[in-house]
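> Okay, sequence plus prediction incoming.
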Number of protein chains: 2
Amino acid sequence: MSVTIRDVAKLAGTSPTAVSATLNGSTGKSIRVSAETRERIFSAAAQLGYAPSQIAKSLATGKTKTLGLLLPYADAFVDQNPFCSEVMSGIMHEAVDRHYNITLFTATSGMSYDQIAMLVDSRIEGVLLVMPPAEGSIYTKCERRKIPYVSILRRPQPGAWTVNADDQLGGELAAKHLYELGHRRVAVLRGSDDITTSEPRCAGFCSIYEQAGIEPRIIPAGFGWRHGLLAMKHLLAGDPKDHPTAIFAANDLCAEGAMRAAKEAGLSVPEDLAVIGYDDTWFASMVQPALTTVNMPIAAMGRLAAKNLIDRLEGNLEVEQDAVLPISLTIRHSCGHHAKSSDPSVTTA
Amino acid sequence: MSVTIRDVAKLAGTSPTAVSATLNGSTGKSIRVSAETRERIFSAAAQLGYAPSQIAKSLATGKTKTLGLLLPYADAFVDQNPFCSEVMSGIMHEAVDRHYNITLFTATSGMSYDQIAMLVDSRIEGVLLVMPPAEGSIYTKCERRKIPYVSILRRPQPGAWTVNADDQLGGELAAKHLYELGHRRVAVLRGSDDITTSEPRCAGFCSIYEQAGIEPRIIPAGFGWRHGLLAMKHLLAGDPKDHPTAIFAANDLCAEGAMRAAKEAGLSVPEDLAVIGYDDTWFASMVQPALTTVNMPIAAMGRLAAKNLIDRLEGNLEVEQDAVLPISLTIRHSCGHHAKSSDPSVTTA
DNA sequence: TCCAACAGATAAACCGGTTCATCATAAAGT
DNA sequence: ACTTTATGATGAACCGGTTTATCTGTTGGA
């Protein structure tokens, strides 16, 4: 069938041991190969088109160089949120650089995280979790099997590694921006409670306004476009005197939904209503008006999570357990301030 | 270290052979196990928490139950095009149902398809290619290694399996719609030539108009938002008498870019300019005005490609070599016709 | 001259499953 | 009574690598 290390050894007139050591760059141990034998091995391997069986290698060494990637489970969320694609992109960059494979665990609809945990088998050396649930059998499974995992956007836990952005600060930056623009009646469209970022973002936002003696209205919305739309409609259904002049949305999608509802109610953004988003995905710069939004270094977070996981797997124990990446505010047009057309920050293929 | 099949056999007081046969549901061959031994094996396995090594299993059987998934290479494209997420979702559904793993090969920036082909190793039983290039070492590599592959959106080739939508028909549907609405000066913003769908869509569109003696203008654009924006600006820079009254864009992203350019030039959509998109991703229903667009069953295409690949791997030879999925037209607001607010076809998490 | 150290090389065991070939023993057929 | 067939079970080989332990010369130092 396929060409094995013994075939190469036979053609080169030497032993499998020598071939293995040579092709792996001589482990330096007691296996010594003369320059001339090495030559014969290389040419034999090339002649036969030898490619080592990664499976046999894994069985012998116990290493698979394969990571599992668990994306959020709700179909609509995966499909619709550009966040996932961006974080995936960052992860792939690091994985390719470090010669690791990524196996996809997407919990599809009708499939719980617990069922997904079943997919973690001996082929997986480590797991990357993107916006995972607070609790779940996936964690106990990994711990029982001693499989290390790194979570992206999960509240830090003792004994677990995480990569987060500074959500509290993100909320604060948004609040400061709106406050400085003169907004005094503001509302938060808060993300769903099962994602851990919702709370600190909201808390950070409120803390700034509370220092000024103002209590923002908090509407439980969610991370979808429709959530923003419905929450905004709900707000606008109340007494016009209570209508907020500014909105801090759960993310960019939610912000767009809110803008849509406002426009349908005859309000214009940013003149009648300022809207600020979160994430700064490509989507934010494409909607109209382009969103002022809190920027998370999404791809960098994915990359760092992959890096930290691989570092740990390779024995580097100095990995930062709870990394927090910096946050910034990207100012575009949805809160007024300054105007420009065809936002150049949009990059296309 | 970990518990092996021999440990289970020892505890159950039987042989590895019996354990293997029992746990795999008795292959029915000459290995026979009595009901009472079976019981002991099950309880021993449960007691030890035995989980078979998939690696050892793969080495012994030659099957890995792992598929490679190759997504398009330009970062911006992957990140920004909802198409990829949707096709991935369909693929994952089938893979999970059939108990197959998916290994991700995303050609990141600065990495060619040829380099990606290097990642295909013995762990991969089959490959799924999404919008692959016309030529490349990936194909020769798969053929040399006898690894079957199924391409999504690639021109049918002898000896290669594909899943496509009826691009020609898609173009025709778009053209008929615009023609019936009275548009006689129309332009095609054509996708880039390296994606095989560009040509038949354009051809289908033109064929309808040519029957009426009209030659549509064809602008080489691309599949990105910016491509649509620039192409439209270029069109609007010409003599106003030549301005088209309707646009057939390469995809939804491109269509939005074109709409943006039109709006910036003071035109309104659909009153002054009709725009029709392609793909019908979630994005299409979210932009304003919501896009009339050619609907591709994207997730279904992903799912079918995975199904066909797995069927072939499992020896089903009746797999349709070049599947073509049906196309339809989703009418929203960007070509006028009828109006409605908050398009209900938008689904959110 | 003798022994230690080392370069070069390899046979054999091992990783953890699957599967082929073989072997008892009991039941059934002639 | 003797062969055939079915049941229950297992030892050993195998998949394709890595790694340990061992072996032979050759060189250098005392």
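It's in.

> mind listing the helices for the stretch 151-300 of chain A?
Per DSSP state H, counting those that start in this stretch, the stretch 151-300 of chain A carries helices over the ranges A:167-180, A:198-211, A:225-237, A:252-264, A:282-286, A:298-313.

> and chain A, which residues reach DNA strand D?
Taking Cβ under 7 Å from any atom of the strand as the contact definition, chain A meets DNA strand D at A:1-6, A:16-17, A:20-21, A:23-24, A:27, A:29-31, A:50, A:52-53, A:56-57, A:59-61. Yep, even glycine has a C-beta here, placed from its N, CA and C like the rest.

> What's the end-to-end length of stretch A:231-243?
12 Å (Cα to Cα, to the nearest Å).

> now check that stretch, is it near chain B?
No: under the criterion of Cβ under 8 Å from any Cβ of the partner chain, stretch A:231-243 makes no contact with chain B; the nearest approach is 8.8 Å.

> Model confidence at the residue nearest to A:Asn101 when sequence neighbours are not counted, what's the number?
Nearest in space to A:Asn101, with sequence neighbours left out and distances taken as Cβ to Cβ, 6 or more residues apart in numbering or on different chains, is A:Thr66 at 4.4 Å. Looking at A:Thr66, its pLDDT is 96.

> just to revisit the earlier point, in TSV, list the helices of the stretch 151-300 of chain A along with mean pLDDT and mean neighbour count.
Formatted as TSV, the helices of the stretch 151-300 of chain A follow (pLDDT from 0 to 100; neighbours: other Cβ atoms under 10 Å in any protein chain shown):
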stretch	mean pLDDT	mean neighbour count
helix A:167-180	97	21
helix A:198-211	97	19
helix A:225-237	94	22
helix A:252-264	95	26
helix A:282-286	88	24
helix A:298-313	96	22
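
> Could you dump these into TSV and include distance to B:Met118?
Below are the helices of the stretch 151-300 of chain A laid out as TSV (distance: least, Cβ to Cβ, whole Å):
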stretch	distance to B:Met118
helix A:167-180	39
helix A:198-211	42
helix A:225-237	40
helix A:252-264	36
helix A:282-286	29
helix A:298-313	19
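
> Distance to DNA strand C added to those, as TSV?
Shown next, in TSV, are the helices of the stretch 151-300 of chain A (distance: least, Cβ to the nearest atom of the strand, whole Å):
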stretch	distance to DNA strand C
helix A:167-180	42
helix A:198-211	42
helix A:225-237	46
helix A:252-264	45
helix A:282-286	45
helix A:298-313	18
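
> Tell me which of those lies nearest to B:Arg184.
helix A:282-286 (30.9 Å; Cβ to Cβ).

> What distance do you get for A:Pro289 to chain B?
Going from A:Pro289 to chain B by Cβ to the nearest Cβ, to the nearest Å gives 11 Å.

> Could I get the contacting residues of that residue?
A:259, A:269-270, A:332-334 (Cβ atoms under 8 Å, 6 or more residues apart in numbering or on different chains).

> so which of those comes closest to DNA strand D?
A:Arg332 (52.8 Å; Cβ to the nearest atom of the strand).

> Just read off the phi/psi values of that closest one.
Backbone geometry at A:Arg332, expressed as degrees, to the nearest 10, gives phi -120, psi -120.

> how many other residues sit next to the nearest residue to it once chain neighbours are set aside?
Closest residue in space to A:Arg332, ignoring its immediate chain neighbours: A:Ala290 at 3.9 Å, by Cβ to Cβ, 6+ apart. When neighbours are counted by other Cβ atoms under 10 Å in any protein chain shown, A:Ala290 registers 22.
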